[in-house]
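# Sequence first, predicted coordinates after that:
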Amino acid sequence: MLQAIDLTKRYEDGHLALDALNLEIKPGEIFFLLGANGAGKTTTINLLLNFIEPTLGKALVNGIDVMEQPLETKKHIAFVSENVMLYGSFTACQNLDFFARLGGKTNLTKKDYYDVMRRVGLQEEAFERKLKTFSKGMRQKVGLAIAIIKDADNIVMDEPTSGLDPKSAAELMQILIHLRNSGKAILMCTHDLFRAKAAADRVGIMKEGRLVMLRTREEFLQDDLERIYLDYMQEAVL
């Protein structure tokens, strides 16, 4: 479970990037956090991952404060970024092996790595190729494979469909639904309203550092999510 409790971040220049966010993403849930660039989505991710310190409030992973026990919380969360940073001189398989061992998974075999790369839709001829030859979409798939092999309770994703072709993006959604059904808590920060309608259990809209809308799947399917989003983007935050 992922939780933000009055989570606030004001940067040194005075900019209020996140304003008292209260949010809970439960096991077995896919939550889409929508918003324009600068809305506070990435700041939220950075606080949950303990990349930056909050000004006020708390970020919790499985009930553990990320500031008080950062190493413990990292065991329970996996992250897939928009621009996956991996080792270009390593093959896809070597990257999986390196990050799996870094996360304490020392008993995995090459078959385990191959199975998860097939699962995310990476072509087999690429399994033993160096990452520096990969397209952005292929690197995204390796990043997702690393997140899956870690088998963390919580998965945080920042624009994971960026760089993926429509077929690969659809396959990613099916993987996330399977992970959701296995009890994972999944937070996806994105602009992708189409994927939100296809897979989200709940959606939230952020604007100027605030969570301005929260809807369940039943609620947003009864209305027009695109219209809701555009309406909130046009309204002023008071």
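Right, received. Where do you want to start?
# Map the structural domains onto the sequence of this structure.
1-76+153-238, 85-151 (automatic domain parsing).
# from memory N50 sits against M67, does it?
Yes: assessed by CB atoms under 8 Å, N50 is found in contact with M67 at 6.9 Å. C-beta: built from backbone N, CA, C; applies to glycine.
# what touches both of the two?
Here N50 and M67 share the contacting residues A59, scored by CB atoms under 8 Å, 6 or more residues apart in numbering.
# Please say which of the two ends up with more neighbours.
Using other CB atoms under 10 Å as the criterion, N50 and M67 rank with N50 on top: 19 against 14.
# Just the mean pLDDT for stretch 91-98, thanks.
If you average the pLDDT over stretch 91-98, you get 95.
# List the buried residues for stretch 171-185?
Using 16 or more other CB atoms under 10 Å as the burial criterion, the residues of stretch 171-185 that qualify are 171-173, 175-176, 179-180, 184-185.
# could those residues be laid out in JSON lines, adding distance to G143 and pLDDT?
What follows is those, written out as JSON lines (distance: CB to CB, whole Å; pLDDT from 0 to 100):
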{"residue": "E171", "distance to G143": "14", "pLDDT": "83"}
{"residue": "L172", "distance to G143": "11", "pLDDT": "83"}
{"residue": "M173", "distance to G143": "16", "pLDDT": "86"}
{"residue": "I175", "distance to G143": "12", "pLDDT": "87"}
{"residue": "L176", "distance to G143": "14", "pLDDT": "90"}
{"residue": "L179", "distance to G143": "14", "pLDDT": "92"}
{"residue": "R180", "distance to G143": "18", "pLDDT": "94"}
{"residue": "K184", "distance to G143": "16", "pLDDT": "95"}
{"residue": "A185", "distance to G143": "18", "pLDDT": "97"}
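# Could you list which of those belong to strands?
Assigned to strands by DSSP state E, the following of the buried residues of stretch 171-185 qualify: A185.
# how would you label the residue nearest the centre of the chain: helix, strand or coil?
The centre of the chain sits closest to M157, judged by CA atoms, centre = their mean, with a distance of 1.4 Å. Under DSSP: H, G, I helix; E, B strand; the rest coil, M157 falls in the strand class.
# Contact partners for it?
So M157 contacts 79-80, 186-190 (CB under 8 Å, 6+ apart).
# Quickly list what it is bridged to.
V80, M188 (DSSP bridges).
# Let me see the contact set for F79.
45, 49, 147, 155-158.
# one more time with 7 Å
49, 156 (CB atoms under 7 Å, 6 or more residues apart in numbering).
# again with E82
E82 neighbours (CB under 7 Å, 6+ apart): 158-159, 162.
# got CSV for those, with pLDDT, neighbour count and distance to Q222 too?
Compiled in CSV, those are given as follows (pLDDT from 0 to 100; neighbours: other CB atoms under 10 Å; distance: CB to CB, whole Å):
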residue, pLDDT, neighbour count, distance to Q222
D158, 90, 21, 29
E159, 85, 18, 27
S162, 74, 16, 29
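# Quick check: of those residues, which lies closest to T133?
T133 lies nearest to S162 out of these, by CB to CB, at 19.6 Å.
# can you give me the strands for the chain?
In the chain, the strands defined using DSSP E lie at 2-10, 16-25, 29-34, 56-61, 64-65, 77-80, 154-158, 185-190, 202-207, 210-216.
# Going by neighbour count, which residues of stretch 126-139 are buried?
So for stretch 126-139, counting by 16+ other CB under 10 Å, buried means 126-127, 131, 134, 137-139.
# ok, which pair from the residues you listed is furthest apart?
Of all pairs in the buried residues of stretch 126-139, the most separated under CB to CB is F127 and G137 at 15.7 Å.
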